[in-house]
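[1] what's the 3D shape of this:
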Amino acid sequence: MEATASERLAALAASYWEERLRDYPTFATALGHREHDDRLSDITPEGRSDILTRRTRTRAAARAIPAKDLEGQDRITRSALITEVESEIDDLACDLEDWTVDPLAGPQVSLLNIESYQPVRTPEEGRAMIRRWRAMAAFVDDHAANLKRGLGEGKVAVRAGVDKVIDELKDLMRKRPGDWPLLRPLAALPTDWSQRQRREFREALSAAVRDYVYPAFVRYQKVLESQVRPRARPQEKAGILHVPGGREAYLRLIRVYTALDLSPEELHGTGLREVARINQEMETLGRKVFGIRNRGKILRRLRTDPSLYFATRDEVAETAERALLRAKVAIPRVFGRLPKADCDVVRMGAHEEKHSTIAYYRTPAADGSRPGSFYVNTSAPDTRPRYEAEALAYHEAIPGHHLQIAISQELTGIPEFRRHGGVTAFVEGWGLYSERLADEMGLYSSDLDRVGMVSYDAWRACRLVVDTGMHAMRWSRQRAIDFMRENTALAENNIGNEVDRYIAWPAQALAYKTGQLEILRLRRFAEKRLGARFDLRRFHDAVLENGAVSLQALRDAVRAYASA
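    Okay, here's the model as predicted:
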């Protein structure tokens, strides 16, 4: 008997998911799929071409399944599969590997982070870790080879990012390999291992770092210093449009992160309108908190008053923990569906904190072995504003990323790829929406903390302006920094790191406001349509119950909920 459209789709979705786990083995490990623990992704041109070929085949197969032959969740799955695969195709076609030098997520950071989500419980897992650690040398060499090939095609990173990565590598090389995060597993070996197993693992892992990883990073640093930095783009040419093929690549990347066909000009205009609106809100709130209406004076006070900044690393972490605890208590009031997975505050490691953003979120392991993690940057505490800390926690953890992502992971009756992937505009849009939702929930401690909420909203609106400004309108790095300094209360060190992030990740910053504005529009639609019957808990459940779908699919889901 011939398979039905639903059966064909289920088989295709399952096959695609298995391919993703094989193609991105550290992603698999982070989710708790341990069968690929000994490998890293193939980032060579041949490896990327192979993935592109297979994803193109998957897209064709998904399109060949008629939507009219599917119902309910199957229709959503077909749409989600096509959207996700097309995003991968667009991303691969941009060849970012050939020129990107990334201070936030390059190999000098990402490889050293693996030990934090790859626990060693058995001798076989230990042997897999040794093989993966040894594979890091080839991975770093492949990354350097990509950059050298890009140079031959006139593709090169911006000098500021290259300098930061060289700085990170120098900091790393000042430490003995024995002090690197990659050897932390030696401090927590399973108690049931024999003395011989312990000795062999300790010797082999230490040798992998000493003989493979360390020399590879030395080679990488030399390539950056001798070949990449001398030809790096100046800050006046910060955008991807200065890279051959960059204009087309930027349009592709807008689709990757928003799943919409939006023009840079349209996004830039939206950002300017949002910045103007939020600036008025900041002036009103500044008068209430400080007795100051002039925005420039408000921002100056926020940046220069030492009492508004943390004094110690512990204060940074403890404030995040208190905010997260308040949110955990409050969420049943505005959500029907709650995740089983917990969320913890984790201090960012020394190897990444210097040039990293202020925080990020890491998903729970799908098998329940690890909670969600809200990583907070506690370095240079006297540069970290107290008034931003609560908005940050509500975005990254609860009711933001942790709530949305953990709920998605725990959904049943949908394919695995929908539980663990999705459109960035949905994920980051939800995180930004959550910052304002936290105010409705009464989570902010004071009006000063609401100043942080408003500044953060301005920050994401500025992203629309400066990302399109640099990548499509020839803005310099300094012009982007100046715009953010004039229109947000972000600390100076954070602004520089953020702008360098937008340079290294073109278009990713566009997802936040795009998604938030759509969720707010849909909420207004549901409130108007349902009137007195509107229930905020049911609305949130309708938004989250299908995973991180495209904004078009979200519109369909909310309209169906409001019409029921």
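
[2] And residue 102, how far from residue 119?
    Taking C-beta to C-beta, to the nearest Å as the measure, residue 102 falls 26 Å from residue 119. Where you see a C-beta, it was placed from the backbone N, CA and C, and this is true even at glycine.

[3] Looking at these two, which has the bigger crowd around it?
    residue 102 (21 against 17; other C-beta atoms under 10 Å).

[4] Are we agreed that the more buried one is in a strand?
    No - secondary structure of residue 102 (DSSP: H, G, I helix; E, B strand; the rest coil): coil, not part of a strand.

[5] Quick check: it touching residue 160?
    No - between residue 102 and residue 160 there is no contact under C-beta atoms under 8 Å: 11.9 Å.

[6] ok, residue 523 - contacts?
    Residue 523 is in contact with residue 539, counting by C-beta atoms under 8 Å, 6 or more residues apart in numbering.

[7] In three-state terms, label it for me.
    Assignment for residue 523 (three-state DSSP): helix.

[8] which SS state does the closest residue to residue 146 other than its chain neighbours fall under?
    Counting by C-beta to C-beta, 6 or more residues apart in numbering, residue 146 lies nearest to residue 97, which is 4.6 Å off, once chain neighbours are set aside. Per three-state DSSP, the local secondary structure of residue 97 is helix.

[9] Residue 97 against residue 49, yeah?
    No - using C-beta under 8 Å, residue 97 is not in contact with residue 49, being 11.6 Å away.

[10] Which of the two has more residues huddled nearby?
    Legend: neighbour count by other C-beta under 10 Å for residue 97 and residue 49, higher for residue 97 (19 against 12).

[11] ok, that one to residue 42 distance?
    11 Å.

[12] same question, residue 353
    Distance from residue 353 to residue 42, by C-beta to C-beta: 30 Å.

[13] do residue 111 as well
    15 Å.

[14] wait, what's in contact with the closest residue to residue 413 other than its chain neighbours?
    In this structure, residue 413 finds its nearest non-sequential neighbour in residue 73, 6.5 Å apart by C-beta to C-beta, 6+ apart. When contacts are counted by C-beta under 8 Å, 6+ apart, residue 73 is found next to 413, 414, 546.

[15] Could you verify that the last one is part of a strand?
    By that I understand residue 546. No - looking at residue 546 with three-state DSSP, it is coil, so not inside a strand.

[16] Point out where the stretch 201-350 of the chain drops to low pLDDT.
    Applying pLDDT under 70 to the stretch 201-350 of the chain flags no residue at all.

[17] no, scratch that, I was asking about the chain
    For the chain, no range has pLDDT under 70.

[18] go again using 80 as the cut-off
    1, 351-352, 354-357, 493, 564 (pLDDT under 80).

[19] what's downstream of the helix or strand that contains residue 537, the next helix or strand?
    Using DSSP states H and E, residue 537 sits in helix 536-544. Downstream of helix 536-544, the next assigned helix or strand under DSSP H and E is helix 551-563.

[20] List of residues touching that next one?
    With C-beta under 8 Å, 6+ apart as the criterion, helix 551-563 contacts 76, 79-80, 83, 258-260, 423, 425-426, 429, 514-515, 518-519, 522, 525-526, 529-530, 538-539, 542-543, 545-546, 549.

[21] One more: stretch 197-208?
    Under C-beta under 8 Å, 6+ apart, the answer for stretch 197-208 is 120, 123, 126, 129-130, 133-134, 136, 177-178, 182-183, 185-186, 189, 193.

[22] now with 10 Å?
    Stretch 197-208 has contacts (C-beta atoms under 10 Å, 6 or more residues apart in numbering) with 115, 120, 122-123, 125-127, 129-137, 177-178, 182-183, 185-186, 189-191, 193-194, 214.

[23] Show the backbone phi and psi for the nearest residue to residue 316 once chain neighbours are set aside.
    Spatial nearest neighbour of residue 316, excluding adjacent residues (C-beta to C-beta, 6+ apart): residue 378 at 4.3 Å. Residue 378 adopts backbone torsions of phi -100, psi 0, taken as degrees, to the nearest 10.
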